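Asks: Okay, predicted coordinates and the sequence, questions at the end:
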Amino acid sequence: MGDPQMPDLDRTTMGLLIEESQDVHRDAMVATRTALDELVESRAGTVVDPDEAREVARRRTANRRRITFGGGLLAAAGAAVALDAIASTPAFAASSPDVQTLQTAASIEVLAVGTYKTALTLPFIGGSSANPVVKAFAMTTMQQHQEHQDAFNAAVTRLGGTAQTAADPVLAKVVAAAVPGLTAPGPVVALALELEQGAAETYVADVASLSDSNAKKLTASVMGVEAQHASVLLAVQALLSANAPQLITLSPTNVANLPAAAGSVGFPAAFYPTDMARPATEGAL
Amino acid sequence: MKRRNQNREPMAISEAELTVLTNDLEDLHQDVGMPAMRAALDKWTDEIRTSRRGFLLGAGAVVGGVVLAACSTSSSPATTTAGSGSSGSTSAKLTGDLAVAALATSLENLAVAAYGDVLTAATAGKLGTVPPAVGNFVATVKAQHAQHAAAWNSAITAAGHPAVTGPDQALVPTVDKAFAKVTDVTGAAKLALTLEDIAAATYQSAISAVSAKSSIQVAASIQPVEMQHAAVLLFVLGEYPVPDAFSPVTGARTLADYTG
């Protein structure tokens, strides 16, 4: 048996749950792939028009404003870094706004995959001393982000753009700076939460601006999933903060042991905020 | 400044501390979540009022403006209109984005009623022992659904229509029948999960169906919250809380389904 501090988890049950989850996921992917296929058909031969170019200019102005007054991670990185990253992007206005938005989404997913991969190398996240549910969550979530990245990049390439395989340049610096401090589950969860919240808010903010209906459908099918990741991390963070890691477990009887506040900590807002959304062009090529 | 993830010292498990944490998050919700949605809603209602004035002046502006064929697989006229009113009256037909708003409101009203029934049953001891976390979940989620309904209704009333105060009538018999079989917390959670899944799928579908950017923003600000409700319910049931990499639209309500 493992660490007595760790929750009593039936690993077989967990494996079955994930397997079932993957079955459901495959069903959901059918709809997403259909949207991607429609995306190609509807945008074949599309060219950037002057209105789109003006929209890019408008977004650049708006993005500078968002950067200046951005959220926690960006504040840590410094607004100047963000401005430099965008200004140094060689083909900033070459792609359509939809392509740029999708490239930024892909860049966020690249970073998320890399962050979870790094976290899983830590003994208390992916090793023998890890909480089994936290480890399973990190592994499954990393895979889900990989699928998001693939889907966003498929949408990009089918719209005539270049797949984005690099991490969001601004957030990557922030994550790199945070890695040395990842010495316990708490900081890892906090970093993951920042990324998930930022991803969800970015997609919520962007979905109304996408002009292509299938790009919109894809983004809409991802934003709630990132919000669910954030929800789980909020609950884990609260239980870790309460020194109750044994309650981080998947069991129908566990709920009886949870404190009342745990019932609502995972959804703090009735309306999803967007103040931590990343600029739509931040990860554009 | 970071608005989340304040560093906290490890502590013995404390209901009071977790309550403080929840209250902090609720404060953040008031500070952060509401203004973003409110701005979108204000813009939408301004557009509605402008369109309405234009229409009344003979300019021919049409509220919403777009037929919602994309929201339904049917092409019948019923897919583009919805009733409004306290009991789902069809005397005043809503069209376009407002029809979607009415459908969304009726779903939210149904959720509020269902969670209210759960609270009533729990109070009466009909669900057995109700864990504190479940009681808190039900009360909080019920309040959030009421806020969602109020948001949609503010757009509907801005257009001069009566607020939609009744539940989705087409779903009421199904929900009532299911609830009659609920005898414990697990059963209640499963029923609630079904409602949350339907709501999330409907909003996701609506994002592609509504026309005004501001109404898309309102739907987009609610869909992830319904997804979060579902995640917590899955956790309560002992199931993996994020089952899909891509959220499905299976079960989404359409205007063709909506009868008031």
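Replies: Everything's here; your move.
Asks: Is any residue of stretch B:95-104 near chain A?
Replies: No: contact between stretch B:95-104 and chain A, assessed by CB under 8 Å from any CB of the partner chain, is absent, since the two come no nearer than 12.4 Å. All C-beta spots, glycine's among them, are computed from the backbone N, C-alpha and C.
Asks: pLDDT weak spots in the stretch 1-150 of chain A?
Replies: When the per-residue scores of the stretch 1-150 of chain A are filtered using pLDDT under 70, the ranges that remain are A:1-94.
Asks: try the stretch 151-285 of chain A
Replies: Per-residue confidence for the stretch 151-285 of chain A (pLDDT under 70) gives no ranges below the cut-off.
Asks: any chance you could map the helices in it?
Replies: Counting by DSSP state H, counting those that start in this stretch, one finds helices in the stretch 151-285 of chain A at the ranges A:169-178, A:185-207, A:213-241.
Asks: Specify the stretch among those that is closest to B:Ala192.
Replies: Distances from B:Ala192 to each of the helices of the stretch 151-285 of chain A were compared using CB to CB; the shortest belongs to helix A:213-241, at 15.2 Å.
Asks: orientation of the closest one relative to helix A:185-207 in degrees?
Replies: 160 degrees (axes from the mean of the first three to the mean of the last three CA atoms, to 10 degrees).
Asks: check contacts around B:Gln228.
Replies: A:224, A:227-228, A:230-231, A:266-267 (CB atoms under 8 Å, 6 or more residues apart in numbering or on different chains).
Asks: Going by neighbour count, which of those residues comes out on top?
Replies: The member of the contacts of B:Gln228 that has the most neighbours, counting by other CB atoms under 10 Å in any protein chain shown, is A:Gly224 with 32 neighbours.
Asks: Pretty sure it sits against B:Ile207.
Replies: No: in this structure A:Gly224 lies outside contact range of B:Ile207 using CB atoms under 8 Å: 10.5 Å.
Asks: list the residues that contact both of those two?
Replies: Contact with both A:Gly224 and B:Ile207 is made by residues B:Gln223, according to CB under 8 Å, 6+ apart.
Asks: can you pull out the strands in the stretch 51-200 of chain B?
Replies: Assigned strands in the stretch 51-200 of chain B, in chain order: B:81-83, B:93-95 (criterion: DSSP state E, counting those that start in this stretch).
Asks: Partner strands of the last one, with direction?
Replies: It stands for strand B:93-95. Based on DSSP bridges, the pairing partners of strand B:93-95 within the sheet are strand B:81-83 (antiparallel).
Asks: interface residues of the stretch 151-260 of chain B facing chain A?
Replies: Contact residues of the stretch 151-260 of chain B with respect to chain A, defined by CB under 8 Å from any CB, are listed as B:151, B:185-186, B:200, B:204, B:207-208, B:213-214, B:216-217, B:220-232, B:235-250.
Asks: Buried ones among those?
Replies: With neighbours counted by 16 or more other CB atoms under 10 Å in any protein chain shown, those contain buried members at B:151, B:185-186, B:200, B:204, B:207-208, B:214, B:216-217, B:220-232, B:235-249.
Asks: just checking, which of these belong to strands?
Replies: Helix and strand membership here follows DSSP state E; of these, not one is in strands.
Asks: Among the strands of the stretch 51-200 of chain B, show the one with the smallest mean pLDDT.
Replies: Comparing mean pLDDT over the strands of the stretch 51-200 of chain B, the weakest stretch is strand B:81-83, at a mean of 46.
Asks: Verify the stated contact: A:Val170 with A:Gly198.
Replies: No: counting by CB under 8 Å, no contact exists between A:Val170 and A:Gly198, whose distance comes to 10.3 Å.
Asks: what residues are shared contacts of those two?
Replies: Here A:Val170 and A:Gly198 share the contacting residues A:Arg278, scored by CB under 8 Å, 6+ apart.
Asks: For B:Ala189, give its distance to B:Ala230.
Replies: Here B:Ala189 is placed at a distance of 10 Å from B:Ala230 (CB to CB, to the nearest Å).
Asks: any low-confidence regions in chain B?
Replies: Counting by pLDDT under 70, chain B shows low-confidence ranges at B:1-36, B:48-92.
Asks: and A:Ala244, how many neighbours?
Replies: Around A:Ala244 there are 21 other residues, counting by other CB under 10 Å.
Asks: So which residues of the stretch 151-260 of chain B form helices?
Replies: Defined through DSSP H, counting those that start in this stretch, the helices belonging to the stretch 151-260 of chain B, from first to last, are B:172-180, B:185-209, B:213-236.
Asks: Test my guess that B:Thr157 contacts B:Ala151.
Replies: No: using CB under 8 Å, B:Thr157 is not in contact with B:Ala151; the gap is 11.3 Å.
Asks: residues in contact with B:Ala40?
Replies: Going by CB under 8 Å, 6+ apart, B:Ala40 touches B:214-215, B:217-218, B:221.
Asks: Serialize those residues to CSV and add fields for distance to A:Met142.
Replies: Formatted as CSV, the contacts of B:Ala40 follow (distance: CB to CB, whole Å):
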residue, distance to A:Met142
B:Ser214, 35
B:Ser215, 35
B:Gln217, 30
B:Val218, 32
B:Ser221, 27
